[in-house]
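K.L.:
requesting a structural model of the entry that follows:
(4 chains, ligands or ions: 4)
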2 protein chains.
Amino acid sequence: MPPKTHQRTRSDHASEVAEDYVEAIADAIAQRGVCRAVDLVSHFAVTHATVNNTVARLQRDGLVTTLPYQPIELTATGKRLAAQSRKRHAIVQSFLERLGVSAQTAAIDSEGMEHHVSKETLNAMKRVLEQGWPSDGEST
Amino acid sequence: MPPKTHQRTRSDHASEVAEDYVEAIADAIAQRGVCRAVDLVSHFAVTHATVNNTVARLQRDGLVTTLPYQPIELTATGKRLAAQSRKRHAIVQSFLERLGVSAQTAAIDSEGMEHHVSKETLNAMKRVLEQGWPSDGEST
DNA sequence: CCAGAAACTTAGCCCGGGCTAACTATTGGC
DNA sequence: GCCAATAGTTAGCCCGGGCTAAGTTTCTGG
Ligand SMILES: [Mn+2]
Ligand SMILES: [Mn+2]
Ligand SMILES: [Mn+2]
Ligand SMILES: [Mn+2]
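P.N.:
Numbering: from 1, shown residues only, chains lettered A, B, ... in the order given. Ligands and ions are numbered 1, 2, ... in the order given. Below you'll find the predicted structure:
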């Protein structure tokens, strides 16, 4: 029972940074029209050098395109991943708020949790948001 | 709003392996009386070399004690962390099941999610397990 | 009792994702 | 139009957490 479990967690982590980056890049483009490295530096609270390395990996993996001193753009694949990640993130975050957790905490916790939420769990959360809590003997 | 958020996720990850290891070590001791490296190898689906490295880090950090070819033992600190981690894990896993997620999926997803669940969120989950869903009345 | 199996160790490698420091390019305010 | 501030790049470092391969120790059952 345990082995597969931990393998899944490790593989979730392998795609985590990519998911958060494309999401942030898409948001920056939506809000400011363009995404510059400096936007990611402040969003993730890492250094310029780190952003550079990471963006290079994303480019290697076909998620973004960028040229020296130019804004960062998303490939079609990158856009798809961004849209998907944003949706999942929003559901997890809203779900936590629905649970009664403060918006602040929901924002923080969902940032990590989102990457470990399977389709099945995501659907369960979506169901709650759309149809309320699972029936479980109401009272009061 | 974003910066702190991602810093928290990164710090969660920094303690994740330690938490999972002490939990697994405590379980092995509870079940087999003793924890050998080979137990961790199969539990985490990693190689013996990896377990060795990791256990050395845990020892460096004061969570376990071990001598060559001897079983792995938990320090007082390690035992405390194990107990705490096991409790948190159980709550997250049970919560997912309560949500209607299959036991299989709950086991997998909770393994990653647990490390990102704050006190506040954990309390919200515990409340559901003990007192049912937040009253929100409306439905159907 | 002892040989082979199982468990463990060690060395050396890899990649991701952080960092600092030093440099270069772009840009915009004067 | 220039120059300082801002943005971006590059080199070189670190650690965590994986791996393989090769050797060593311990245990066990025949
Ligand atoms: Mn996200
Ligand atoms: Mn995230
Ligand atoms: Mn875990
Ligand atoms: Mn995680």
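K.L.:
element containing the closest residue in space to residue A:24 that isn't next to it in sequence?
P.N.:
Nearest residue to residue A:24, sequence neighbours excluded (CB to CB, 6 or more residues apart in numbering or on different chains): residue A:43, at 4.9 Å. For glycine as for every other residue, the C-beta is placed from the backbone atoms N, C-alpha and C. Using DSSP states H and E, residue A:43 falls within helix A:37-44.
K.L.:
immediately after that helix, which helix or strand?
P.N.:
helix A:48-60.
K.L.:
any idea of the mean pLDDT in the lengthiest helix in chain A?
P.N.:
Counting residues, the longest helix found in chain A (DSSP state H) is helix A:2-32. On average, the pLDDT along helix A:2-32 is 95.
K.L.:
just checking, what packs against it?
P.N.:
helix A:37-44, helix A:48-60, strand A:64-65, strand A:73-74, helix A:76-99, helix B:2-32, helix B:37-44, helix B:103-113 (3 or more CB pairs under 8 Å, 6 or more residues apart in numbering or on different chains; DSSP states H and E).
K.L.:
any idea how far the second one is from the chain center?
P.N.:
If I follow you right, that is helix A:48-60. Helix A:48-60 has its C-alpha centroid displaced from the chain centroid by 17 Å (CA atoms, centre = their mean, to the nearest Å).
K.L.:
can that helix be said to contact chain B?
P.N.:
No. For helix A:48-60, no contact with chain B is found by CB under 8 Å from any CB of the partner chain; the gap never falls below 11.2 Å.
K.L.:
how far off helix B:37-44 does the lowest-mean-pLDDT helix or strand in chain A point, in degrees?
P.N.:
One helix or strand of chain A scores below all others by mean pLDDT, DSSP states H and E: helix A:2-32, with a mean of 95. Counting by axes from the mean of the first three to the mean of the last three CA atoms, to 10 degrees, helix A:2-32 lies at 50 degrees to helix B:37-44.
K.L.:
distance from the chain centre to helix A:2-32, please.
P.N.:
Offset of helix A:2-32 from its chain centre (CA atoms, centre = their mean): 5 Å.
K.L.:
excluding its backbone neighbours, what's nearest the residue in chain A positioned nearest to ligand 1?
P.N.:
Ranked by CB to the ion, the top residue of chain A for proximity to ligand 1 is residue A:89, at 4.1 Å. Counting by CB to CB, 6+ apart, the nearest residue to residue A:89 once its immediate chain neighbours are dropped is residue A:114, at 4.7 Å.
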